[in-house]
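K.L.:
Prediction below, plus the sequence it came from.
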Amino acid sequence: MSDERQSSDEGPNDDTEKWLRSARRCGTMELHRLRLSQDPEYAQRRRKAEAIAAEYEARAGRRGARGAIVRIPVVVHVVYNTAQENISNEQIQSQIDVLNIDFRLANDVSDLPSDFAPVAADARIEFGLAVRDPDCSPTDGITRTYTDTTSWPDFSDSMKSAATGGQDPWPSDRYLNIWVIANGGGYIGWAEFPGGPANVDGMVIRHGVFGTEGTVLAGSAFDGGRTATHEIGHWLNLIHIWADEGCLNSDDVADTPNQADANTGCPTHPSPSCGNSGDMFQNYMDYSNDSCYRLFTVGQIDRMTAALNTLRTGLLVSDGLIPPPRGGAAADLWIRDTADDIGTEPNSTADVMYISPDIWVRQQDDGLIDQTHQNAEYRAPSMGSNYVYVRVRNSSCAGSASADLKLYWAKASSGLGWPAPWDGSVTSPALMGGMIGSQSVAVPAGGSLITTFPWSPPDPDDYASFGADRVHFCLLARLETSATAPFGMTSPETNDLWDNVKNNNNIAWKNISVVDEEPDGGRMETMLVTEFEDTKEAARLVFVSRDTKGRSVFDWGRVLVRLDKGLREAWEAGGAESSGVAEVWEDWLVVRASGASLDALRLEPGSFYPLEVQFIPRHKGVERSGLLSLDVQQYSGERLVGGVMFEFGVTAPLPERFPTRGQYEWDGVGWPRDQRELPSLLRSLFEQLRSERWLRM
Amino acid sequence: MQPAFIGRWLRSYEERVEGARVYRPEGTPLPPARGRAALEIRADGTFVDARIGPIEGSPPSLGRWRSPDGRRGMVAVPGEPELTFELEELDDGSKRILLRRG
């Protein structure tokens, strides 16, 4: 077989333009590399991988709504023979940029057919060139290797080893290895599924289709950097959308149409096959031109998420995107405050401090290691506990480090201080916080450790005075390396929790409320506004969306808030000042846009004020399933002191699931006529809104 | 004389024929694609169906072909439905193979 592969190879051709226009460039006829025949255990591993992924998908629930953003460290191995093939750093970065658009659904999808738009979703996966190499040295995430090889047969592994004229991979459990090679052979890129041999794991791609500039020929079919998007889809366990020729094969994804075959070029919708209403040639796993690609579906994202949580877990704990510490050796334990935190003190992020991805709750001990958070749920002791997970990282290159990890809870509110209420000192109207536990942790150099704390939240009946808010709790994790003050903190702690968290990488904080999907009719949640310290300053609540403009809670629905009596009095005492907020009915206010605020609140220190937050999706507006976030930030004067982030799971209406018949629909807000769960209050509210035409603003 | 269909053929996705896959001789100018399925019909009776499959690099199916007239043929691939193929000569002098299941 190898003779045939050699004889059918096209031979050297380093002229990108000529190659892209060449009719023979896909002229491979040789037998593909037969992983199956090379490695008898491969098929078995693949079957096992599929079973693991399927089991995960069944267990994880929340389709397409993984909360955590996964960042994957990438190393690009440029294996070149000519100067042209030794592509620029800028060209490499242009490829990373494309991946971060495509895997976050940041591309323009406004022209997607209406039957596909609801299933397009944000994969919440991002990519970055590694900043730490396997030896714990700084790196730009790029290796450059001269080779005598001028062209590579399809599916060759030679570029993946220094011994055969290429470059050895970095540990493929912790880095995505991408080899960028010369032209030659027939395929422009290929990748390994999860479960393949570690020493060849990754993706191979021609430089002429890598990124969007440099040697990429503008105007060609593959000038958008999306060959890599397709190949990384494979690397995360996606198969071609048509699966295999014919209508009998499935891509194991439910929300892609059954499709007979690959599409090429850029077809016109609808282009039906296998009885579907049109092939989804806009899908990254078809064979269409880069300019026609638009989406991964919810089902494909579930498959990729399953792969990350079962088959590629090393990426979730990789330190490839954490710079090695200056000096290299000093052991330093830390916990991430925000998704982009790299452990600097103070944290230089512009983001809020109460959304640590390294602290997460699961209602069952399901080991969901991509750090997707659920609200803690009170239940009878016989029903078992919730589980809090904390990931502790060691940024050191050498030497393990140890500390006492202390975990605290507090009833969720937007204005938390330190040490109250975490220390258990606030007992009115009920116990408002306390320590969950303390464990010694020891983390090896460059490693991370997930510590598990079983936890039974307090009885919600204790919080009856707060109305609906019974299941939301805040969490705080502190690493103490000394038993005496300042407990090993770089900056001694003060009453200002925000500053404590920002200034010390030993402290992390989580105030996230996950609002589970409900049947139509809206999602209502209650949060608490409070002020533990007497700051003498007026408070301000600001409503902020962190989603792309055009795809936020404010674009895809209405945000309503209701102040309880005490909060209304505190607001009116300050003159009922607001911005971007309007009263609609009794105590209900509509929040019109990101940045809107309730100002000059005169809060009584130590009091708790329930604030109801209601998100009403507009079914004609919610274009796709996923998470919508809303931050309610509390300022004391001009100082941000805390807040609560809500994540609303939304499901875009699929045409067949939401027939207009039998529904009560008006101005984009619709629900089944006999929806019993819909509170009568809300119905009245809708009527009121309608009569006052508020929902037409 | 060996049949005219002996050789390597590339999938021409751009030509849609109901119920058939269309292949053109290797070397025919075809638009760029991410990959093309291929057939190899060998003089020794081997038939290689190199569909793209679930991923670039999926292994091909191997079968045996026989032909009563040097223009049409039947293919038996173990574990797969029987295939038939037909060599067409078009008015412009070009050749193509239509491959059908069953």
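P.N.:
Cool, the structure landed.
K.L.:
For the rest of this, base every contact and every neighbour count on C-alpha atoms.
P.N.:
Fine.
K.L.:
Now A:Gln633. Nearest residue, chain neighbours left out?
P.N.:
Leaving aside its chain neighbours, A:Gln633 sits nearest to A:Gly643 (4.1 Å; criterion: C-alpha to C-alpha, 6 or more residues apart in numbering or on different chains).
K.L.:
and the one you found, which of the three is it?
P.N.:
When classified by DSSP: H, G, I helix; E, B strand; the rest coil, A:Gly643 comes out as strand.
K.L.:
And for it, the neighbour number?
P.N.:
29 (other C-alpha atoms under 10 Å in any protein chain shown).
K.L.:
A:Asp462 - that's part of a helix, no?
P.N.:
Yes. According to three-state DSSP, A:Asp462 belongs to a helix.
K.L.:
That one against A:Ser428, yeah?
P.N.:
No. If you go by C-alpha atoms under 8 Å, A:Asp462 and A:Ser428 don't touch, sitting 10.0 Å apart.
K.L.:
Just give the closest residue to A:Leu628, not the sequence neighbours.
P.N.:
Nearest residue to A:Leu628 in three dimensions, chain neighbours excluded: A:Phe648, at 5.0 Å (C-alpha to C-alpha, 6+ apart).
K.L.:
wait, what's in contact with A:Glu647?
P.N.:
Residues in contact with A:Glu647 (C-alpha atoms under 8 Å, 6 or more residues apart in numbering or on different chains) are A:512-515, A:627-630.
K.L.:
backbone phi and psi for it, please?
P.N.:
The phi/psi pair for A:Glu647 (degrees, to the nearest 10) reads phi -120, psi 120.
K.L.:
who's in contact with the residue nearest to A:Gln633?
P.N.:
Counting by C-alpha under 8 Å, 6+ apart, A:Gly643 has contacts A:354, A:413-415, A:511, A:631-634.
K.L.:
where's B:Arg24, which helix or strand?
P.N.:
Taking DSSP states H and E as the definition, B:Arg24 sits inside strand B:21-25.
K.L.:
Just list what the helix or strand following that strand packs against, helices and strands only.
P.N.:
Heading C-terminal from strand B:21-25, the first helix or strand you meet, by DSSP H and E, is strand B:38-41. Strand B:38-41 sits against strand B:7-11, strand B:46-50, with contacts defined as 3 or more C-alpha pairs under 8 Å, 6 or more residues apart in numbering or on different chains; DSSP states H and E.
K.L.:
so what strands line up beside strand B:38-41?
P.N.:
Strand B:38-41 has the following sheet partners, assigned by DSSP bridges: strand B:7-11 (antiparallel), strand B:46-50 (antiparallel).
K.L.:
What count of nearby residues applies to A:Asp366?
P.N.:
By the criterion of other C-alpha under 10 Å, A:Asp366 has 11 neighbours.
K.L.:
State the pLDDT value of it.
P.N.:
pLDDT for A:Asp366: 75.
K.L.:
can you check A:Gln688 too?
P.N.:
At A:Gln688, pLDDT is 50.
K.L.:
and A:Glu569, that's in a strand?
P.N.:
No. Applying three-state DSSP, one finds A:Glu569 to be helix, outside a strand.
K.L.:
quick one on the thing from earlier: the strands paired with strand B:38-41 into TSV, with extra columns for mean pLDDT, mean neighbour count and distance to A:Asn237?
P.N.:
As requested, the strands paired with strand B:38-41 are exported to TSV (pLDDT from 0 to 100; neighbours: other C-alpha atoms under 10 Å in any protein chain shown; distance: least, C-alpha to C-alpha, whole Å):
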stretch	mean pLDDT	mean neighbour count	distance to A:Asn237
strand B:7-11	93	23	25
strand B:46-50	92	21	21
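K.L.:
so which of those strands comes closest to A:Gln364?
P.N.:
strand B:46-50 (46.4 Å; C-alpha to C-alpha).
K.L.:
The closest residue to A:Leu476 other than its chain neighbours: neighbouring residues, count only.
P.N.:
Sequence neighbours aside, A:Trp509 is the residue nearest to A:Leu476 in space, at 4.5 Å (criterion: C-alpha to C-alpha, 6+ apart). Residues lying near A:Trp509 (other C-alpha under 10 Å) number 28.
K.L.:
cool, B:Val75 as well?
P.N.:
B:Val75 is flanked by 25 other residues according to other C-alpha under 10 Å.
K.L.:
For it, give me its contacts.
P.N.:
For B:Val75, the contacting residues are B:47, B:63-66, B:82-85, by C-alpha under 8 Å, 6+ apart.
K.L.:
swap in A:Val591?
P.N.:
Shown in contact with A:Val591 (C-alpha under 8 Å, 6+ apart): A:543, A:558-561, A:580-582.
K.L.:
Can I get those in CSV including distance to A:Gly186, secondary structure and neighbour count?
P.N.:
As requested, the contacts of A:Val591 are exported to CSV (distance: C-alpha to C-alpha, whole Å; DSSP: H, G, I helix; E, B strand; the rest coil; neighbours: other C-alpha atoms under 10 Å in any protein chain shown):
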residue, distance to A:Gly186, secondary structure, neighbour count
A:Phe543, 53, strand, 23
A:Arg558, 52, strand, 20
A:Val559, 53, strand, 23
A:Leu560, 57, strand, 20
A:Val561, 59, strand, 21
A:Gly580, 58, coil, 15
A:Val581, 60, strand, 19
A:Ala582, 62, strand, 15
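K.L.:
Throw those into a markdown table and include distance to chain B and pLDDT, thanks.
P.N.:
A markdown table is the format used below for those (distance: C-alpha to the nearest C-alpha, whole Å; pLDDT from 0 to 100):
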| residue | distance to chain B | pLDDT |
| --- | --- | --- |
| A:Phe543 | 45 | 96 |
| A:Arg558 | 43 | 86 |
| A:Val559 | 44 | 90 |
| A:Leu560 | 47 | 91 |
| A:Val561 | 49 | 92 |
| A:Gly580 | 50 | 94 |
| A:Val581 | 52 | 93 |
| A:Ala582 | 54 | 91 |
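K.L.:
Pick the one among the residues you listed closest to B:Ala4.
P.N.:
Taking the contacts of A:Val591 together and measuring to B:Ala4 by C-alpha to C-alpha, the closest member is A:Arg558, at 68.2 Å.
K.L.:
and the closest residue to the closest one other than its chain neighbours, which of the three is it?
P.N.:
Setting aside the residues directly before and after it, A:Arg558 is nearest to A:Ile616 in space (C-alpha to C-alpha, 6+ apart), at 5.1 Å. The three-state assignment at A:Ile616 reads strand, by three-state DSSP.
K.L.:
What count of nearby residues applies to A:Ile616?
P.N.:
Using other C-alpha under 10 Å, A:Ile616 has 20 other residues around it.
K.L.:
Narrow the contacts of B:Val75 to those in strands?
P.N.:
B:47, B:63-66, B:83-85 (DSSP state E).
K.L.:
and those residues, which are buried?
P.N.:
B:47, B:63-65, B:83-85 (16 or more other C-alpha atoms under 10 Å in any protein chain shown).
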